[in-house]
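S.K.: I need the structure of the sequence given here:
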Amino acid sequence: MRRWTRLNNTLLLFFAVLSALCLTGGYYADGICIWLSFLTLLVWPILAVNLLLLVIQLFTKKKWKSTVPLLAILLHADYLSAVYQPSCWHKPAVFEQAGTPLTVVTYNASHFYWDRKYTMNEAAAYIKQLQPDIICFQEAPGDGYYHRDSIRYAFDYVLYKYISRRTDHLPTTIYSRYPIHSVKALYYKNSSNMSLIADVRINNQYIRVINNHFETTSVNAYRGIITAPGKSLKIRAKAVKNLILQMKDNNRKRAIQADSIHAEIQRSPYPVIVCGDFNDTPASYTYHRVKKGLTDGFQDVGNGYQYTFRQLYRLWRIDYVFYSNEFSGLTYISPELFFSDHNMVIWRGKLQ
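M.R.: Numbers count the residues shown, from 1 in each chain. The predicted structure is shown next:
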């Protein structure tokens, strides 16, 4: 009995501390805290174990111990609300409210080549039905996948567009039904990723659209070696070590990129919409830094369980639409599509 009590107390303390460290990793990225960012990727198993421990305590004599895992779970209430929203929490959308209607689509398109299929024409037809006002692509189709005339024809309903020009970075684009007056491209150092900052004139008002594609996690680059049958333990161990070191470097890069976008948001003279593929979860420093002072569209008007990365057991929400107080949300959905390894994110709202 004493062994069980000691083990139980150890597990309660260990996973409570782990939960607290995970929370810390989501708000600090300096020095040793960069290592805590790994824990933000493990938030689901950490919460699952704490939930299991909570249930176990309810069947013991000292039920008060259930408060320890309960508090460990409640530390991540903001994370949980960023991946799940009960439908009863939101009032039905009122489309007749004042303001200029706006539909924003953000999508990591995987160059519109997925599962050995070219998917651009199907995706373009789907997006056209949405009648979007602004479309933000990451990993947009480029010359290596489609001829420029084919791209132009597929998206012939788009009046204004800006396509990133440098070929040493993954293509990022902004399409708009409204005039694009100026664009600033941020090409991140030692990275193939980038952001676009565009000022769009909607009627007599300007808004700033920031389309982001932050540094990858590099998990897919090593997953094949780690999981491939026939590989020796030595090769797998080396791949795991290299993955951990690469993820640490990429976590630092994403933190720097998030800091730069936060500064751009702070400097903006216009209402802002920030969207894109952050390659990080709502538990991360990247998410919290960019979102600071803005509204997460899913937390505002979303419903149900939200994920956007279709691999890795559909556990990860890494694509977002945020906005400033000048916007009000109506709907936020992320339909399961087969044009890419990401889900599309569609936000509808009003510019006040």
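S.K.: From V240, how far off is W35?
M.R.: Separation of W35 from V240 (Cβ to Cβ, to the nearest Å) stands at 16 Å. All C-beta spots, glycine's among them, are computed from the backbone N, C-alpha and C.
S.K.: Show me the shaky parts of the chain.
M.R.: Applying pLDDT under 70 to the chain picks out residues 1, 89-96, 142-145, 147-148, 219-224, 227-228.
S.K.: what comes up buried for the longest helix along it?
M.R.: Secondary structure of the chain per DSSP state H: the longest helix is helix 233-267. For helix 233-267, burial by neighbour count (16 or more other Cβ atoms under 10 Å) applies to 239, 243, 246-247, 250-251, 253-258, 260-262, 264-265.
S.K.: And it, how far out from the chain middle?
M.R.: Using Cα atoms, centre = their mean, to the nearest Å, the mean C-alpha position of helix 233-267 is found 15 Å from that of the whole chain.
S.K.: Point out the other helices and strands that it packs with.
M.R.: Under the contact definition 3 or more Cβ pairs under 8 Å, 6 or more residues apart in numbering; DSSP states H and E, helix 233-267 sits against helix 33-40, strand 180-187, strand 194-202, strand 205-213, helix 219-227, strand 272-277, helix 285-291.
S.K.: For D319, find the nearest of the ones you listed.
M.R.: Distance to D319, taken as Cβ to Cβ, is lowest for strand 272-277 among the helices and strands packed on helix 233-267, at 5.1 Å.
S.K.: rewinding a little: so the longest helix of the chain versus strand 272-277, what angle?
M.R.: Relative orientation of helix 233-267 versus strand 272-277 (axes from the mean of the first three to the mean of the last three Cα atoms, to 10 degrees): 170 degrees.
S.K.: quick check: angle from helix 233-267 to helix 33-40?
M.R.: Using the same axes, to 10 degrees: helix 233-267 against helix 33-40 is 100 degrees.
S.K.: And the helices in the stretch 51-200 of the chain?
M.R.: 67-74, 77-83, 120-130, 148-154 (DSSP state H, counting those that start in this stretch).
S.K.: For D280, find the nearest of the ones you listed.
M.R.: helix 77-83 (11.7 Å).
S.K.: So which bits of the closest one are buried?
M.R.: D78, Y79, S81, A82, V83.
S.K.: can I get the residues you listed in JSON lines with distance to L13?
M.R.: Shown next, in JSON lines, are the buried residues of helix 77-83 (distance: Cβ to Cβ, whole Å):
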{"residue": "D78", "distance to L13": "23"}
{"residue": "Y79", "distance to L13": "21"}
{"residue": "S81", "distance to L13": "26"}
{"residue": "A82", "distance to L13": "27"}
{"residue": "V83", "distance to L13": "26"}
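S.K.: these two touch, right, I180 and V200?
M.R.: Yes - I180 lies in contact with V200 (Cβ atoms under 8 Å); the separation is 5.6 Å.
S.K.: between those two, who's got more neighbours?
M.R.: Taking other Cβ atoms under 10 Å, I180 and V200 do not tie; V200 has more neighbours (23 against 19).
S.K.: Quick check: the gap between the more buried one and G297.
M.R.: V200 is 17 Å from G297, by Cβ to Cβ.
S.K.: Can you check my assumption that Y307 lies in a helix?
M.R.: No - looking at Y307 with DSSP: H, G, I helix; E, B strand; the rest coil, it is coil, so not inside a helix.
S.K.: quick one: contacts for it?
M.R.: Listed by Cβ atoms under 8 Å, 6 or more residues apart in numbering, the contact partners of Y307 are V83, R314, L315, W316, R317, S334, N343.
S.K.: how close does the second one get to Q85?
M.R.: Right, R314. R314 sits 17 Å away from Q85, going by Cβ to Cβ.
S.K.: same thing with the last one?
M.R.: Taking Cβ to Cβ as the measure, N343 falls 16 Å from Q85.
S.K.: again, but for the third one
M.R.: Between L315 and Q85 the distance is 17 Å, computed by Cβ to Cβ.
S.K.: For those two, indicate the residue with more neighbours.
M.R.: Just comparing L315 and Q85: by other Cβ under 10 Å the higher neighbour count belongs to Q85, 20 against 14.
S.K.: how much space between the closest residue to K253 other than its chain neighbours and F15?
M.R.: In space, K253 comes closest to E215 once its chain neighbours are excluded; the distance is 4.1 Å by Cβ to Cβ, 6 or more residues apart in numbering. Separation of E215 from F15 (Cβ to Cβ) stands at 29 Å.
S.K.: More neighbours: those two, which one.
M.R.: Higher neighbour count among E215 and F15: E215, with 24 against 21, using other Cβ under 10 Å.
S.K.: Need the three-state assignment for I46.
M.R.: Classified using three-state DSSP, I46 is helix.
S.K.: Please apply the same query to K350.
M.R.: Secondary structure state of K350, per three-state DSSP, is strand.
S.K.: That one contacts P101, correct?
M.R.: Yes - here K350 reaches P101: they are 6.1 Å apart, a contact under Cβ under 8 Å.
S.K.: Fine, thanks again, bye for now.
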